[in-house]
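1. Here is a sequence together with a model predicted from it:
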Amino acid sequence: MSDEQSNAPGPKLAGASPMNDARLEAARKRLAESRDEEDAIEGLREIVANLLGSEELGLFMVDRGAATFPVYWSFGIDPEKYDLGWALGDAGLRRVMDGECHVDLADGDHAGAMARVRAFVPIRFANQTIAILAILRLLPQKLAFDGSDMELFKLLSHEAATPLFAQSVHSNLVGKEPGMKA
């Protein structure tokens, strides 16, 4: 493991499986090399589709003031059908907001569209959950998430915020709206 890898935030390359190490490094590299927010979103979609086995996902922002989760971006779903607060319940939502991934809720007693959600991944910045990635139905060849997928969730949780929201965070810090020139 290089010094750069050992100093990187988020999960360390496990070393237990060369295939898992390669998956983590590919995801880390794709996020780090994103040119802008749009490219980072495309990178997130590629990681979820190619490495986690789902083409249905939504990225929901955390609006602490209103206690809501407005849709930031989605792929393969109608995001208006998803109520994260209802799907997670109070205890689950608290855990996700505290930085824990919530996985495989599809086997629970939920009904409707939220029953297809397989994982909730907190996207964290400065030790706060600023968004939640919802991953829905898995591709037919992917039966369930495993330990290596959990490591990938942790990587996304710790490393996706900067490429996804760097421009927005910077704009908020300088008092500009996203997309406006500073």
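-> Noted; the coordinates are in hand.
2. going forward, measure contacts between C-alpha atoms and count neighbours the same way
-> OK.
3. Which residue ranges of the protein form helices?
-> 3-7, 18-32, 37-47, 84-97, 147-159, 161-173 (DSSP state H).
4. Make a markdown table out of those and add mean pLDDT.
-> What follows is those, written out as a markdown table (pLDDT from 0 to 100):
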| stretch | mean pLDDT |
| --- | --- |
| helix 3-7 | 43 |
| helix 18-32 | 95 |
| helix 37-47 | 96 |
| helix 84-97 | 85 |
| helix 147-159 | 95 |
| helix 161-173 | 70 |
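5. Among the ones you listed, which comes closest to residue 77?
-> Comparison of the helices of the chain against residue 77 by Cα to Cα identifies helix 37-47 as nearest, at 12.7 Å.
6. And the contacts of that closest one?
-> 27, 30-31, 34, 55, 57, 75, 160, 163-167 (Cα atoms under 8 Å, 6 or more residues apart in numbering).
7. Can you redo the helices of the chain as JSON lines, where the extra columns are mean neighbour count and distance to residue 104?
-> JSON lines is the format used below for the helices of the chain (neighbours: other Cα atoms under 10 Å; distance: least, Cα to Cα, whole Å):
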{"stretch": "helix 3-7", "mean neighbour count": "10", "distance to residue 104": "30"}
{"stretch": "helix 18-32", "mean neighbour count": "17", "distance to residue 104": "20"}
{"stretch": "helix 37-47", "mean neighbour count": "19", "distance to residue 104": "18"}
{"stretch": "helix 84-97", "mean neighbour count": "15", "distance to residue 104": "11"}
{"stretch": "helix 147-159", "mean neighbour count": "21", "distance to residue 104": "11"}
{"stretch": "helix 161-173", "mean neighbour count": "17", "distance to residue 104": "23"}
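8. what bridges to the residue nearest to residue 74 when sequence neighbours are not counted?
-> Nearest residue to residue 74, sequence neighbours excluded (Cα to Cα, 6 or more residues apart in numbering): residue 58, at 4.0 Å. Beta bridges link residue 58 to residue 74, residue 134 when assigned by DSSP bridges.
9. ok, back up a step: output the helices of the chain in a markdown table, with distance to residue 131 appended to each entry.
-> Shown next, in a markdown table, are those (distance: least, Cα to Cα, whole Å):
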| stretch | distance to residue 131 |
| --- | --- |
| helix 3-7 | 24 |
| helix 18-32 | 16 |
| helix 37-47 | 13 |
| helix 84-97 | 9 |
| helix 147-159 | 9 |
| helix 161-173 | 8 |
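10. Please determine how far the residue most central in space within the chain is located from residue 22.
-> Taking Cα atoms, centre = their mean, the centroid of the chain lies closest to residue 133, which sits 3.9 Å from it. Residue 133 sits 22 Å away from residue 22, taking Cα to Cα, to the nearest Å as the criterion.
11. how many other residues sit next to the closest residue to residue 156 other than its chain neighbours?
-> Computed as Cα to Cα, 6+ apart, the closest residue to residue 156 that is not its neighbour in sequence is residue 123, at 6.8 Å. The number of residues packed around residue 123, counting by other Cα atoms under 10 Å, is 32.
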